[in-house]
Structures are given as structure tokens and as C-alpha cells.
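Visitor: sequence unknown, structure follows:
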């Protein structure tokens, strides 16, 4: 029996209309789909975006649980389990589509899963299907440009070291800050100090009915912060 | 009569399958489309991507000529002419879709056109429809990640000042260099000096049948360079 092929499919940032024609076609036709979710009793966000394309009477859906953890061992175990299930399907000759939010090349779990599947099946065929990133949608919804003409764009998680973050931002016309829910007050302080607060906009759950776009970052409380959020900073 | 609405529609990097469902639906239904092209006798690349969605028997297509020029006055004149045509349609109550390659927020002409239309019609309603960027497709096709975990990504045109470019690249895990057809030999020299040549890949005309993916930048001749090209540099 020939080995199945693995597809890393970007499903876009949240709005089902922002699926590509290619992604929609693959999701409708593949025999097995794998969708990540955060816990046993939570729904997969990626799967909820594409549910109009999925027919569980003839398609198998594996929902892999990837806990919201910073513990590498916990994550490795979760990725190994997902890779194991996917490998079994590929060995059975089934093509598998791994669904990822946004674009698979940007902060997606797919890279880790693919590496683990390849470690088990070095000869496996794979294809990455790009998607609309949450960054592109956030810029569109907030009405800001990411880059014009000869401008420079930086994309970075805020991390813990605010001095390093501040240094990395210099020389860029636009900076997109990811994973802003941790350390948000320090970020606001940094942007204020650098005179960049007036050019900043917070966007969360973009493309869903829970979308929020907030221009005055000083009025955002910790309780409001969503893990699916980013801040676009545009130098004036 | 009520004013038409202007849409900035990302049509993706080249493969018609990478249109979003939303973009395809809008392009099929809007009464007027505006597509840029480089000269009087060239076809619009954006329009060629979506031609399966366009019916010229019931849709009007304005092809705006945006010359490949660095002369601001020449560009301003071309943008003004396009904005004038679009404004006339909006005043006649027609919704207009402006087609842009890739994603409208990234190095697109749409921002200039929208500003000029707004200067004429400050009350005009507008919507940006994000698309798959050429950067996402290039990464997918070349099999490289743009950013993982806490990594930082920079996107920048190479410009003329290689020292400034080199400095801006420091501290980033991945750098995507745009508009590499001018100054390419100097770029190769810079990457070589920084020990980054082995992690670099050149991608042009991604998603089309003229796509090229070249891993050894030293073997690329000036004649081969395409203006629709980029280099992804990944720190090893």
C-alpha cells in the first residue's frame, strides 16, 4: 500500500470566508483531518472555522490536544501523540490534512508535527498550503498598512526582556507584537517611553464575532486580554 | 444616488486556487473591477489570476497603468488617474474592487489609491480583504518556516545601503528580503560575509508556472532575476 501524503493547511484567521479555494477543496476531499484544540472539553478553533467543509459521516477527524503550556516536555508529549496518530493514518494509505490557524509558516504547531512525522516516515510526501495570516487580517480590519514602498516590517513575540524588545523595534516602520497577553503592562510602558503609543492598535479574535480593535492601549485591562491577540505599532 | 463602496482585494500570490472564498465571491459580483498593469501592452498579472471569476459581458474592468518607475511624479500621476476613474464609478453608485497581488497591507499600491480616492470622497466606505502574501507562499514552497515559538521575523526591501541592511538583520531569526532584483550581487556578498548564505533561498514568480526556487544564490545571474522575487534568510 502506498503511503498517504500530509498537508499542512492554513485555514486563515477566523472568518470562514477567508479560507482559500485550495484549502476548502482539500478539507472537503481529504479522508482524514487533524485539528488542534487546547483541552479535552474545548472545541478546536481551527475546526470550527472549516466546519462547513467537513462531513464526519465520511471523513475522520482527529482532534489533537495541545495544552496551553510553556513546559517543553508537556508539549513534546502532545506533539508525539499527534504525530503517532497521523503516522498510523499515513501508513494505512490515507492522506491527512493538519489544520492550522492563519498561515502554517507563522507561529504554527505544524512545523513540529511535520518534523516528528518525518522522523517516523522519512520518505513521506508533504505539502504546505499557505493561508491568510491573522496579521494581514488585523491590519485590514484596523485600517493600517503593514509596509509601504521601502518600509521595514518586524514581527515578534513580546517575550520577557523589554530592553531587548525595544532595541529590536528600532529601525522598523511597523512592528507587529505577538503573544501580548503576557507582560502587557510592561509593553504599554515601553511603547509610551518610545513615543509609539499613539501609533499602536490592539486587535484580538480577528475575523470572529468576538473581534476587538482597541486604539488606546492604556484602557485595556488584564482581564480583557485574549491569547489570540496582537498589537500593530506604526511609526507616525 | 448613494455612493459606491471601494474594496481593496488581495488576490494572493499567483495561483488562482489561493484566492480566498471572500475575494472570489466579491470579484464575481462587483460591477466594476480595477486592476493594475505595468504598461499599455502588458497584461495585468492580478487580473490574470482572477480571470476565471470575471465576466466582462456584465462587469466593467478598468486596467490602470502603473509604470515600473522610481520617479515619484510619474507614479503620482498614474495613481491620480486611477483614483479619478474609480471616483467616477463610486459617484455613479457603483461598488469598485481594486485588485492587488498578494495581501493589500504588504507593499501594495492600494494604500496610495485609497488615500487619493478618500481625498476626493472623504465619506467613502471602504473595506480591505486580506489575501495570502507572496511571503507565505514562498515559505511554503521552499519548505522553510518564517517564525517558530518565540522567534523574530523581519521583512524589508534590500535598498541601497548594505551596511544599514546588515545592521537591521541582526537579532532576527528569519529575514525576508524584498525587491532583490536591484543590488543582488551586493546582497549575496553581504549574506556571505555574515555567514547567512547557506540559510538563504531565492524564490520568484511563486505560484505560477514560471516559479523558481534556488538555494545557491551564488549561481543566480542578473539576467535571471525577476522583479517578483524575494529571498528568505533563515539563521541556522
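Guide: Happy to help now that I have it. As the structure is a computational prediction, the values presented were derived from the model and not from experiment. Numbering: from 1, shown residues only, chains lettered A, B, ... in the order given.

Visitor: Does anything pack onto the worst-scoring helix or strand of chain A on mean pLDDT? Which helices or strands?
Guide: Using mean pLDDT, DSSP states H and E, the weakest-scoring helix or strand in chain A turns out to be helix A:162-169, at a mean of 89. When contacts are defined as 3 or more CB pairs under 8 Å, 6 or more residues apart in numbering or on different chains; DSSP states H and E, helix A:162-169 packs onto strand A:153-157, helix A:184-193. C-beta: built from backbone N, CA, C; applies to glycine.

Visitor: Quick one: the helices in chain A, in order.
Guide: A:21-29, A:45-50, A:72-91, A:110-120, A:134-142, A:162-169, A:184-193 (DSSP state H).

Visitor: How far off centre is the first one?
Guide: Taking CA atoms, centre = their mean, to the nearest Å, one finds helix A:21-29 lying 19 Å from the centre of the chain it belongs to.

Visitor: just the third one next, same as before
Guide: The chain centre lies 19 Å from the centre of helix A:72-91; the measure is CA atoms, centre = their mean.

Visitor: Spit out the contact partners of the residue nearest to residue A:201 when sequence neighbours are not counted.
Guide: Distances taken as CB to CB, 6 or more residues apart in numbering or on different chains place residue A:142 nearest to residue A:201, at 4.7 Å, with adjacent residues excluded. By CB atoms under 8 Å, 6 or more residues apart in numbering or on different chains, the contact set of residue A:142 is A:201, A:203, A:213, A:232.

Visitor: Contacts only, for the second one.
Guide: Looking back up the chat, that one is residue A:203. Contacts of residue A:203 by CB under 8 Å, 6+ apart are A:138, A:141-142, A:211-214, A:229-232.

Visitor: same thing with the third one?
Guide: By CB under 8 Å, 6+ apart, the residues touching residue A:213 are A:141-142, A:201-203.

Visitor: Tell me, how many residues neighbour residue A:19?
Guide: 25 (other CB atoms under 10 Å in any protein chain shown).

Visitor: Can you give me the separation between it and chain B?
Guide: To chain B, residue A:19 is 5 Å away according to CB to the nearest CB, to the nearest Å.

Visitor: Looks like that residue contacts residue A:12 (just checking).
Guide: Yes - Residue A:19 lies in contact with residue A:12 (CB atoms under 8 Å); the separation is 5.6 Å.

Visitor: residues bridging contact with these two, i.e. touching both?
Guide: Between them, residue A:19 and residue A:12 share the contacting residues A:49, A:131, B:20, judged by CB under 8 Å, 6+ apart.

Visitor: for the residues you listed, which one is nearest residue A:168?
Guide: residue A:131 (26.1 Å; CB to CB).

Visitor: Break chain A down into its domains, please.
Guide: A:6-129, A:134-234 (automatic domain parsing).

Visitor: nearest residue to residue A:167 other than its sequence neighbours?
Guide: Closest to residue A:167 by CB to CB, 6+ apart is residue B:171, at 7.3 Å.

Visitor: again, but for residue A:112
Guide: residue A:79 (5.0 Å).

Visitor: ranking the helices of chain A by burial, who's on top?
Guide: helix A:134-142 (a mean of 26; mean count of other CB atoms under 10 Å in any protein chain shown).

Visitor: What degree of burial does the spatially closest residue to residue A:93 that is not a sequence neighbour show, as a neighbour count?
Guide: Counting by CB to CB, 6+ apart, residue A:1 is the residue found nearest to residue A:93 once chain neighbours are left out, at 4.4 Å. Residues near residue A:1, counting by other CB under 10 Å, number 7.

Visitor: so residue A:1 sits right up against residue A:90, yeah?
Guide: No - using CB under 8 Å as the test, residue A:1 is too far from residue A:90 to be in contact (10.4 Å).

Visitor: Could I get the pLDDT score of residue A:183?
Guide: Per-residue confidence (pLDDT) for residue A:183: 89.

Visitor: ok, the nearest residue in space to it that is not next to it in sequence - how many residues close by?
Guide: Once flanking residues are discounted, residue A:183 sits nearest to residue A:158: 5.5 Å by CB to CB, 6+ apart. Residue A:158 has 21 neighbouring residues, counting by other CB under 10 Å.

Visitor: Kindly report the same for residue A:68.
Guide: Neighbours of residue A:68 using other CB under 10 Å come to 10.

Visitor: Check residue A:104 too.
Guide: Residue A:104 has 29 nearby residues by other CB under 10 Å.

Visitor: Show the contacting residues for the residue lying closest to it once chain neighbours are set aside.
Guide: Nearest residue to residue A:104, sequence neighbours excluded (CB to CB, 6+ apart): residue A:8, at 4.3 Å. By CB under 8 Å, 6+ apart, the residues touching residue A:8 are A:98, A:100, A:104, A:108, A:110, A:113-114, A:126-129, B:140.

Visitor: Quick check: phi and psi on the most centrally placed residue in chain A?
Guide: Residue closest to the average C-alpha location in chain A (CA atoms, centre = their mean): residue A:101, at 4.4 Å. Residue A:101 adopts backbone torsions of phi -60, psi 150, taken as degrees, to the nearest 10.
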